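**Student:** Fold the following, please.
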Amino acid sequence: MGRWSRPWMLGYQRARRVRETLGSAPEEPLDVEQMVAVAGVRQETPMGITGLAKAHDDGTVVAVASQAPVHVRRFAAARAIGRRTFDNSAGGLLLTSRDEYAAKVERAFAAELLAPAEGLQKILEGSLTDESIKDAADRYNVSIRVIEHQLENQLRRWGSL
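**Tutor:** Predicted coordinates for the structure are as follows:
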């Protein structure tokens, strides 16, 4: 298996580097809204499209449905940051739920950027109750699904929990 065969590993690595560069402790939430502007749009996005990110020389803007929960908006912002680490060319890009390589990198990046596995390991201290998982999601301001994915894809798989 080559270096590029596992997109989630690339996403995790890049997110860790970004957090390290920012000096952000893994158990602390990251304010992605300070790095990417998130704009709400009135209409629903078509099936499979989470949002639209537009990269400018002076920053990135992500447009998502206005009624989207805060954690969805934060995840879209984190994905846009991930895309900029993968493809920093200016222009627009769709954030989709499709199973493309770049989307896999972005989603892994966003999960690790917003709720780092190392931080989860410290916070949860081996407790995987529904309440502790919800508390971790609240702490990082992400969905419970993000925490569950981090547990399944990183911590349980590698025997860290």
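**Student:** quick one: the helices in this structure?
**Tutor:** With DSSP state H as the criterion, the chain has helices at 7-22, 70-86, 101-114, 117-124, 130-140, 144-150.
**Student:** Go through these and name the closest to Val38.
**Tutor:** Ranking those by proximity to Val38 (Cβ to Cβ) places helix 70-86 first, at 4.9 Å. Any C-beta I mention is one placed from the backbone N, CA and C, and that applies to glycine too.
**Student:** Could you pull up the mean pLDDT of the closest one?
**Tutor:** Mean pLDDT, computed over helix 70-86, is 81.
**Student:** Distance check, the spatially closest residue to Gly82 that is not a sequence neighbour against Asp135.
**Tutor:** Distance criterion Cβ to Cβ, 6 or more residues apart in numbering; nearest residue to Gly82, sequence neighbours excluded, is Phe109 at 3.2 Å. From Phe109 over to Asp135 the distance is 24 Å, taken as Cβ to Cβ, to the nearest Å.
**Student:** now do Arg19
**Tutor:** On the measure of Cβ to Cβ, Arg19 and Asp135 end up 21 Å apart.
**Student:** Settle it for me: which of Phe109 and Asp135 has more neighbours?
**Tutor:** Phe109 (29 against 15; other Cβ atoms under 10 Å).
**Student:** okay, the more buried one: pLDDT?
**Tutor:** So Phe109 comes in at 93 (pLDDT).
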